[in-house]
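1. quick one, what's the 3D model for this:
(chains A and B)
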Amino acid sequence: DTAVSQTPKYLVTQMGNDKSIKCEQNLGHDTMYWYKQDSKKFLKIMFSYNNKELIINETVPNRFSPKSPDKAHLNLHINSLELGDSAVYFCASSQDGTAIWEQYFGPGTRLTVT
Amino acid sequence: AQSVTQLDSHVSVSEGTPVLLRCNYSSSYSPSLFWYVQHPNKGLQLLLKYTSAATLVKGINGFEAEFKKSETSFHLTKPSAHMSDAAEYFCVAPSGTYKYIFGTGTRLKVLA
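-> Residues are numbered from 1 along each chain as shown, chains lettered A, B, ... in the order given. Next up, the predicted model:
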């Protein structure tokens, strides 16, 4: 009964390609997030969605386009991949966007751009 | 501006000895604070959270943390380290609605 799942777990691709990462949560949460974790383990928020609506876009290049078809799913499409996009991407969800709720994280997608 | 500072990037302890991971926060917003653990090649898991109900918070696997407003600290402790505690630990605070800021992480190493 995985709460937050992501696919794929690993993604190896060449510069210039386009790729997508999918995320699903079965917790009934209203809010979902994408984070990027760099090689030094630093985690930075990229996007926050609430009930399919984009709430936070944290100055991410427009090559990154999130899409939420319903509140249980949040996908991330990346165009024209660059070397600097190599990182681990985590999806997360929380009950809603208020500050009292913890986040539940997916297992991560390790993206390697060569 | 809100910030979360984890004072040690690496901590090494011997198995069976106490663990202390330090976190200071600066937030005019935060009604809550969190500690998460990340084992190698895994996602983050909630250890515990403070939401102003009690200043001493107990979490999973024997961890606890004390919220000290006067010191703006939320340090994580465990009386006796286990080998399975070796992981990366993150202190997290909300930065408004729909947004959280993470500390830079503390890598805990447990020596046999």
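2. which residues are in contact with residue A:11?
-> Residues near residue A:11 by CB atoms under 8 Å, 6 or more residues apart in numbering or on different chains: A:19, A:21, A:109-112. In short, each C-beta sits where N, CA and C put it, glycine included.
3. is it possible to export those residues to TSV including distance to residue A:58?
-> Shown next, in TSV, are these (distance: CB to CB, whole Å):
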residue	distance to residue A:58
A:19	20
A:21	17
A:109	18
A:110	21
A:111	18
A:112	23
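4. put the buried members of the residues you listed into a PyMOL selection.
-> To isolate the buried ones among the contacts of residue A:11 in PyMOL, judged by 16 or more other CB atoms under 10 Å in any protein chain shown, type:
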select buried, chain A and resi 19+21+109+110+111
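5. now residue B:80. Nearest residue, chain neighbours left out?
-> residue B:16 (5.3 Å; CB to CB, 6 or more residues apart in numbering or on different chains).
6. now the contacts of residue A:11 as TSV including secondary structure, distance to chain B and pLDDT?
-> Shown next, in TSV, are the contacts of residue A:11 (DSSP: H, G, I helix; E, B strand; the rest coil; distance: CB to the nearest CB, whole Å; pLDDT from 0 to 100):
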residue	secondary structure	distance to chain B	pLDDT
A:19	strand	20	97
A:21	strand	13	98
A:109	strand	10	97
A:110	strand	8	97
A:111	strand	14	97
A:112	strand	14	97
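7. span of stretch B:46-66 from start to end?
-> End-to-end distance for stretch B:46-66, by CA to CA, to the nearest Å: 16 Å.
8. which non-adjacent residue is nearest the residue nearest the centre of chain B?
-> Nearest to the mean C-alpha position of chain B, by CA atoms, centre = their mean, lies residue B:35 at 3.7 Å. Spatial nearest neighbour of residue B:35, excluding adjacent residues (CB to CB, 6+ apart): residue B:47 at 4.4 Å.
9. for residue A:6, see how far away that neighbour is.
-> Distance of residue B:47 to residue A:6, computed by CB to CB, to the nearest Å: 21 Å.
10. residue numbers of chain B in contact with chain A?
-> B:29-32, B:34, B:36, B:38, B:41-46, B:49, B:51, B:88, B:90, B:94, B:96-100, B:102, B:104-105, B:107 (CB under 8 Å from any CB of the partner chain).
11. for PyMOL, what selects the buried ones among those residues?
-> With 16+ other CB under 10 Å as the criterion, this PyMOL line picks the buried residues out of the residues of chain B next to chain A:
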select buried, chain B and resi 30+32+34+36+38+43+44+46+49+88+90+94+98+99+100+102+105+107
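12. from residue B:70, how far out is residue A:22?
-> If you go by CB to CB, the gap between residue A:22 and residue B:70 works out to 46 Å.
13. between the two, tell me which one has more neighbours.
-> residue A:22 (17 against 5; other CB atoms under 10 Å in any protein chain shown).
14. what does the pLDDT read for that one?
-> Looking at residue A:22, its pLDDT is 98.
15. host element of it?
-> strand A:19-25 (DSSP states H and E).
16. who does that strand touch, helix- and strand-wise?
-> Using 3 or more CB pairs under 8 Å, 6 or more residues apart in numbering or on different chains; DSSP states H and E, the elements in contact with strand A:19-25 are strand A:4-7, strand A:10-13, strand A:31-37, strand A:73-78, strand A:87-94, strand A:109-113.
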